[in-house]
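[1] Dropping a prediction and its sequence here:
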Amino acid sequence: MKITDIFQRRPAVPNSAYQPPQPDTGLDRKLAPTLQQRLADLREMVGNTGDLIVNELTVCGIDCAVVMCEGMVATAVFAELFAEPLTALRLDHPTPEKLLGWVRHQSLLAPDQKEFQTYGDLTRFIMSGFVVLLAEGVEPGLAFGIQGYDGRSVSEPAGESNERGSREGFIEKLRPNLALVRRRFKSADLTFEMVNFGVKSRTDGALVYLRGAVSPELLEEVRRRLSQVKIDVVLESGYLQPFLDAKPLSIFSGVGYTERPDTLCAKVSEGRIGLLVDGTPYALVVPYLFNEHFQSFDDYAHRPYFATFIRWLKYAAFLFSFLLPGLYVGLGSFHPELLPKNLLLKLAQSESVTPLPLMFEALLIFFIYEIMREAGLRMPKSVGHAVSIVGALVIGDAAVTAGLIGAPMVLLVAMTAISSFVVPSLYEPITLLRFGFILIGGVAGLFGIVLALCAVLANLCAVNPFGIPATSPAAPFSLYAMRDVLFRVGWKTLSQEDLRVQGLTGSDLKGADVDGE
């Protein structure tokens, strides 16, 4: 069985109200024997769409057709490397078979040449930016990769900036993203496994892994889960993340993402699998451990002592971002005797002029903050600064002056908001936990917060992506693997032995074979 067959199989779901999307009718049919019938079938299948270009021409007395999608082909490359050699061709005793043989073996109209015999492949190649050549009298069609659609150039990633290292990030085009990875990883073991997602969109994607490092069980499980994707359209890699997550109801995920090619190369070298999807600049990484949220590429460029300090700073910021508001509400509402005398007097003086209890005050101010953050994120950049100014100066100052919110609460919001952006990949669970701990702190005090913290820890320990505990190597504990978790040792120590994810304590995966299969 071919790998592509695995991803195209979509078994029906019996005894269920859900019906899997049905593929387009006629896509599995073989091409018609005559050229005109092929073109008529193609126009019928695409509904005479306005961006379909069909050029009929005669090459050495043989009727041919060049089919492409407008705006998807590099016009200059097409004219110079494809159209001119084809129209200038002269063959002795020309036949359709000779023409096809010349294109196959004696020409290089495009580096990427593929044969096809079905209407499904015909439409897929055209919609993917290929130029298709159909000739009268020969059964297979030929597709030439001369893609040239516009797109964003390679630039610095917006969400993972760094002080040292590369400034290149993934873009929305799949092929340039593969080239960015290949340029950094010139090993013959690096493998790109092409896949398709979406019954209607047929979005191109690629599994990225290193043969000899990846566990065959992990690779097979990723293939199995992706084969269960039964949706019409895939426009972003986030569409596929729920299919890779073993526990979709957990607030923590075992699937990570990155915008950086160098980060993906580092993960792949540890036996992980990357997933690149056409149309998005984010690559998914599986499996992803919890401690990796606190690591960055700069950690391995700085001196070990400074990288360790930054890593501890990130752990502290993570705890502050969701725990501090709940502690403030719990102490102020149930345990004021634990606060220092001067701080308690300041707190009492500030809260005496506000009409709301501490819990409702905290919920209100954080709800307003989330509204302002969302507005600043979605509004045009030209007016985004105005939203920040209005939120910080007008709303914050007016709320304190009017006595609706205490000054300590505004300071608390500022501290937790800044802390939450220190670990941006955990912003979603941080936001949910922050509101939850405020409610628990206002209802049950410190005792409720301690119990809730235990529940969060249990929820995190339950995440087991692809048979590897998300809390590894802290739990189950491995002293050797902890060299790059709370602390970051020097490269002389890190380079002594390669550590694969399947070799972590508690892993259910077997090691990789020599060929990775």
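    Received the coordinates, thanks.
[2] what residue ranges in this structure are flagged as low confidence?
    For the chain, applying pLDDT under 70 flags the ranges 1-27, 247-248, 381-398, 402, 511-517.
[3] Need the outlier residue of it, farthest from its centre.
    Ranked by distance from the centre of the chain (Cα atoms, centre = their mean), the top residue is His93, with 54.1 Å.
[4] how much space is there between that residue and Leu99?
    11 Å (Cβ to Cβ, to the nearest Å). No exception for glycine: its C-beta is placed from N, CA and C like everyone else's.
[5] which residue ranges form the helices in the stretch 351-500 of the chain?
    358-378, 381-389, 396-401, 407-420, 427-461, 491-494 (DSSP state H, counting those that start in this stretch).
[6] Need the ones you listed in JSON lines (columns: distance to Phe144 and mean neighbour count).
    Supplementary listing: the helices of the stretch 351-500 of the chain in JSON lines, determined by distance: least, Cβ to Cβ, whole Å; neighbours: other Cβ atoms under 10 Å:
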{"stretch": "helix 358-378", "distance to Phe144": "41", "mean neighbour count": "17"}
{"stretch": "helix 381-389", "distance to Phe144": "40", "mean neighbour count": "11"}
{"stretch": "helix 396-401", "distance to Phe144": "60", "mean neighbour count": "15"}
{"stretch": "helix 407-420", "distance to Phe144": "49", "mean neighbour count": "18"}
{"stretch": "helix 427-461", "distance to Phe144": "43", "mean neighbour count": "17"}
{"stretch": "helix 491-494", "distance to Phe144": "46", "mean neighbour count": "11"}
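[7] Quick check: which of those helices is nearest to Phe477?
    Checking the helices of the stretch 351-500 of the chain against Phe477 by Cβ to Cβ gives helix 427-461 as the closest, at 12.5 Å.
[8] any idea of the angle the closest one forms with helix 407-420?
    Inter-element angle recorded for helix 427-461 and helix 407-420: 70 degrees (by axes from the mean of the first three to the mean of the last three Cα atoms, to 10 degrees).
[9] And helix 427-461, what does it pack against?
    Judged by 3 or more Cβ pairs under 8 Å, 6 or more residues apart in numbering; DSSP states H and E, helix 427-461 is in contact with helix 304-334, helix 358-378, helix 407-420.
[10] and for the last one, what are the contacting residues?
    Outside helix 407-420, the residues that touch it by Cβ atoms under 8 Å, 6 or more residues apart in numbering are 317-318, 320-322, 324-325, 328, 346-347, 350, 358, 361-362, 365-366, 369, 373, 396, 399-400, 427, 430-431, 434.
[11] Measure how that helix sits relative to helix 304-334, angle-wise.
    150 degrees.
[12] Start the count at 745 instead of 1 going forward.
    OK, 745 is where the count begins now, so the last one is helix 1151-1164.
[13] CA atoms only: put helix 1151-1164 into CSV for me.
    The C-alpha coordinates for helix 1151-1164 follow below in CSV (Å, rounded to 0.1, in the frame of the first residue of the first chain):
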residue,chain,number,x,y,z
ALA,A,1151,-5.3,51.3,42.3
PRO,A,1152,-3.7,48.0,43.5
MET,A,1153,-5.9,46.1,41.1
VAL,A,1154,-4.8,48.2,38.1
LEU,A,1155,-1.2,47.5,39.0
LEU,A,1156,-2.0,43.8,39.3
VAL,A,1157,-3.5,43.8,35.9
ALA,A,1158,-0.4,45.4,34.4
MET,A,1159,1.9,42.9,36.1
THR,A,1160,0.0,39.8,35.0
ALA,A,1161,-0.6,41.1,31.5
ILE,A,1162,3.1,41.6,30.9
SER,A,1163,3.9,38.3,32.5
SER,A,1164,1.5,36.4,30.3
